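> sequence and predicted structure below; questions after.
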Amino acid sequence: MPFNPASLFVPHGAPTFALRPGAAGAALVRKAASLPQARAIVIVSPHWDSDIPTVGTADRLETIHDFWGFPDELYTLRYPATGCREAADEVVTAIRAAGLPVREDRERGLDHGAWVPLRMMFPEADVPVIPLSIQSHGGPQQAWQLGRALAPLAAKGFLVIASGNVTHNLRDYQLVARQGGQAPAYVRQFSDWIAERLATHDTAALLDYRRQAPGAVQAHPSDEHLLPLFVALGAAGEKAQTERFHAGIDDYVIAMDAYSFLPPQGELQ
């Protein structure tokens, strides 16, 4: 019987990813089809940023179109996700048990960082979804600690899905798009560095990526789009097995890499 992943890190790209899923979208669909049924999904998006961890507890989750200037078709898309109060309470309890502050939001819906990949992966919207905010002011260490707080939930049937992008520099996108150029070298160099450190369980280097990784600051002028990766890593526990199940570049500068994190062999079946 295959092991149940404790967490995934998935790309959400530009909002138009919802209309043009391409190879990355196909990889997400295949991965979702291979997963056992989860009791609930905890979704972490860089587009919900708060001062302390906040858990969405709404029964029905509004589809938030938090972007401007895109094709009209995007604004007609909906993802009819439902929440689960009992599951949300368990997420709150897990965060509090780890010694972290936590609050609840009874109205929060799903921003595009959440609903775009979920709509591809779970189109029937038949798994309850619990949104969880990031704290960009806390950096990688805090994001990893938040993930560690979620780790006990894997044994209870929860799946943590953290959505972001391994590289994210919109200014470089605009520049390269105007010039009709190619992906800057740092995009692949940075994404490969991340993959190598994940494969060797070098968490210390990953948490210090802004000093150690090639092109780190250019890959992430601000790092909110990478922080969900650290949440996913932490949620799988120590020495998690890592699978990079997609690697690619969209829109010149957005690395669309996707990862599955499994607990160490034998810990969770």
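Structure's in. What do you need? Numbering: from 1, shown residues only.

> most remote residue from this structure's center?
Q179 (30.4 Å; CA atoms, centre = their mean).

> in the stretch 51-200 of the chain, which spans are helices?
85-97, 112-121, 139-150, 170-179, 185-199 (DSSP state H, counting those that start in this stretch).

> looking at those helices, which is nearest to P11?
helix 112-121 (7.4 Å; CB to CB). Where you see a C-beta, it was placed from the backbone N, CA and C, and this is true even at glycine.

> which other helices and strands contact that closest one?
Counting by 3 or more CB pairs under 8 Å, 6 or more residues apart in numbering; DSSP states H and E, the packing neighbours recorded for helix 112-121 are strand 7-11, helix 22-34, strand 40-49, strand 129-134, strand 158-164.

> dump the ones you listed to TSV, plus distance to T76, mean neighbour count and mean pLDDT.
Shown next, in TSV, are these (distance: least, CB to CB, whole Å; neighbours: other CB atoms under 10 Å; pLDDT from 0 to 100):
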stretch	distance to T76	mean neighbour count	mean pLDDT
strand 7-11	23	29	98
helix 22-34	18	17	97
strand 40-49	20	24	98
strand 129-134	21	26	98
strand 158-164	21	27	98
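
> in TSV, list these along with distance to D250.
Below are the helices and strands packed on helix 112-121 laid out as TSV (distance: least, CB to CB, whole Å):
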stretch	distance to D250
strand 7-11	8
helix 22-34	7
strand 40-49	17
strand 129-134	22
strand 158-164	14
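
> still on that earlier bit, mind checking how far the residue farthest from the centre of the chain is from F17?
23 Å (CB to CB, to the nearest Å).

> what of Q182?
Q182 is 20 Å from F17, where distance means CB to CB.

> and these two? which has more neighbours close in?
F17 (24 against 10; other CB atoms under 10 Å).

> surely the more buried one and G248 touch.
No - F17 is beyond contact range of G248, at 11.8 Å (criterion: CB atoms under 8 Å).

> quickly list what's touching both of those two.
Common contacts of F17 and G248 (CB atoms under 8 Å, 6 or more residues apart in numbering): A24.

> check contacts around R85.
T57, D59.

> again, 10 Å this time
If a contact means CB atoms under 10 Å, 6 or more residues apart in numbering, then R85 has T57, A58, D59, R106, P128, I130 as its contacts.

> is it true that P263 touches A155?
Yes - using CB atoms under 10 Å, P263 and A155 qualify as a contacting pair, with a distance of 8.6 Å.

> compare these two (neighbour count), which wins?
P263 (23 against 13).

> could you measure from that one over to W48?
26 Å.

> I64 now?
Using CB to CB, one obtains 9 Å as the distance from I64 to W48.

> which neighbours do the two share?
Contacts common to I64 and W48, judged by CB under 10 Å, 6+ apart, are R108, G109, L110, D111, G113, A114.

> show the pLDDT at the second one.
This means G109. Predicted confidence (pLDDT) at G109: the value is 98.

> now for the closest residue to it other than its chain neighbours: which residues touch it?
The shortest distance from G109 to any non-neighbouring residue, by CB to CB, 6 or more residues apart in numbering, is to E62 (3.1 Å). E62 makes contacts with R78, Y79, P80, A81, E107, R108, G109, L110, D111, W115, as judged by CB under 10 Å, 6+ apart.
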